[in-house]
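Enquirer: Mind looking at a prediction? Sequence and model below.
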Amino acid sequence: MKPGIWSKLWLFTAAYFSLVFVNIHLALLALICFSLPVYFLLRDQKKSWCQSYCPRASFLMKIPRSKNQPLRPIPAWLVSEKARQWVVRYFTLNLFFATMSTLMVAVGRMAPMLIPRFLILFPIDVTLPQLVSLDWPLWLTHLSFRFLSMMMTSTLVGVALAILYRNRTWCAICPVATLSDQYLDRKGTGSRFVPPLR
Ligand code: SF4
């Protein structure tokens, strides 16, 4: 992909967080975001998504950094293999909770959680203004909020790391990169792509 186009992919990230104000169910579009890296990995046997298509990376590169701002060294523990594995575990747990709680809501064993949460633990007690209201099943609305929470948490952590260290510090611990690397290692393709942190 041409660098000019890549630098505009951040618009998809901005659009995602805007669309949830049109209707929360549009947060389900996160499924595309979860599936595309897998599709590109299986198709190309390399991290094409990270290399050329990821809107999150494009978004993080848009975070302004003053030329005079000294670059702080990224602590080794933060980008260690242990940290990467913990982030994968966290997102696996998050997906598990989202799936199980959605099933419980669907069978009427649990009330839907109609607010986003930061890092699973912290509820953000806001009412999202909705431009369009849709009378969809509550379990789908619950799932939409869970997807929004995942996307919001990873974006906020990515932005915090970008401000503290370098724009793409998140890429060093992103579960997509870690799981892709594990897949490529198992395949023995040796075609790892290490994103520039900048
Ligand atoms: S490591 Fe994660 S955030 Fe970075 S380019 Fe890959 S998928 Fe996107």
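Expert: Cool, got the structure. Numbering: from 1, shown residues only.

Enquirer: Please name the residues that touch Y16.
Expert: Applying Cβ atoms under 8 Å, 6 or more residues apart in numbering, we find Y16 in contact with 26-27, 29-30, 33, 151. The C-beta positions use only the backbone N, C-alpha and C, and glycine is treated the same way.

Enquirer: can you redo these as TSV with distance to the ligand, secondary structure and neighbour count?
Expert: Rendered in TSV, the data for these read as follows (distance: Cβ to the nearest ligand atom, whole Å; DSSP: H, G, I helix; E, B strand; the rest coil; neighbours: other Cβ atoms under 10 Å):
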residue	distance to the ligand	secondary structure	neighbour count
L26	21	helix	19
A27	18	helix	25
L29	16	helix	16
A30	13	helix	19
C33	9	helix	19
M151	12	helix	21
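
Enquirer: Could you export stretch 166-183 as PDB, CA atoms only?
Expert: Taking C-alpha atoms only, stretch 166-183 is exported to PDB below (Å, rounded to 0.1, in the frame of the first residue of the first chain):
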ATOM      1  CA  ARG A 166       7.100   6.500  21.000                       C
ATOM      2  CA  ASN A 167       4.200   6.600  18.700                       C
ATOM      3  CA  ARG A 168       4.000   2.800  18.000                       C
ATOM      4  CA  THR A 169       5.100   1.500  21.400                       C
ATOM      5  CA  TRP A 170       1.800  -0.300  21.500                       C
ATOM      6  CA  CYS A 171       2.900  -2.400  18.500                       C
ATOM      7  CA  ALA A 172       5.600  -4.000  20.700                       C
ATOM      8  CA  ILE A 173       3.000  -5.600  22.900                       C
ATOM      9  CA  CYS A 174      -0.100  -5.700  20.700                       C
ATOM     10  CA  PRO A 175      -1.600  -9.200  20.900                       C
ATOM     11  CA  VAL A 176      -2.100  -9.300  17.100                       C
ATOM     12  CA  ALA A 177       1.600  -9.000  16.600                       C
ATOM     13  CA  THR A 178       2.400 -11.500  19.400                       C
ATOM     14  CA  LEU A 179       0.000 -14.200  18.100                       C
ATOM     15  CA  SER A 180       1.100 -13.600  14.500                       C
ATOM     16  CA  ASP A 181       4.700 -14.000  15.500                       C
ATOM     17  CA  GLN A 182       3.900 -17.300  17.300                       C
ATOM     18  CA  TYR A 183       2.100 -18.500  14.200                       C
END
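
Enquirer: outside of that stretch, which residues touch it?
Expert: 37, 41, 47, 49-50, 54, 56-57, 60-61, 63, 65, 71, 74, 78-79, 83-85, 87-88, 91, 154, 157-158, 161-162, 192, 195-198.

Enquirer: Just the buried ones out of these, please.
Expert: With neighbours counted using 16 or more other Cβ atoms under 10 Å, the contacts of stretch 166-183 contain these buried positions: 37, 41, 47, 49-50, 54, 56-57, 60-61, 79, 83-84, 87-88, 91, 154, 157-158, 161-162, 195, 197.

Enquirer: if you look at those residues, which of them are in helices?
Expert: Members of these lying in helices (criterion: DSSP state H): 37, 41, 56-57, 60-61, 83-84, 87-88, 91, 154, 157-158, 161-162.

Enquirer: Okay then, goodbye and thanks.
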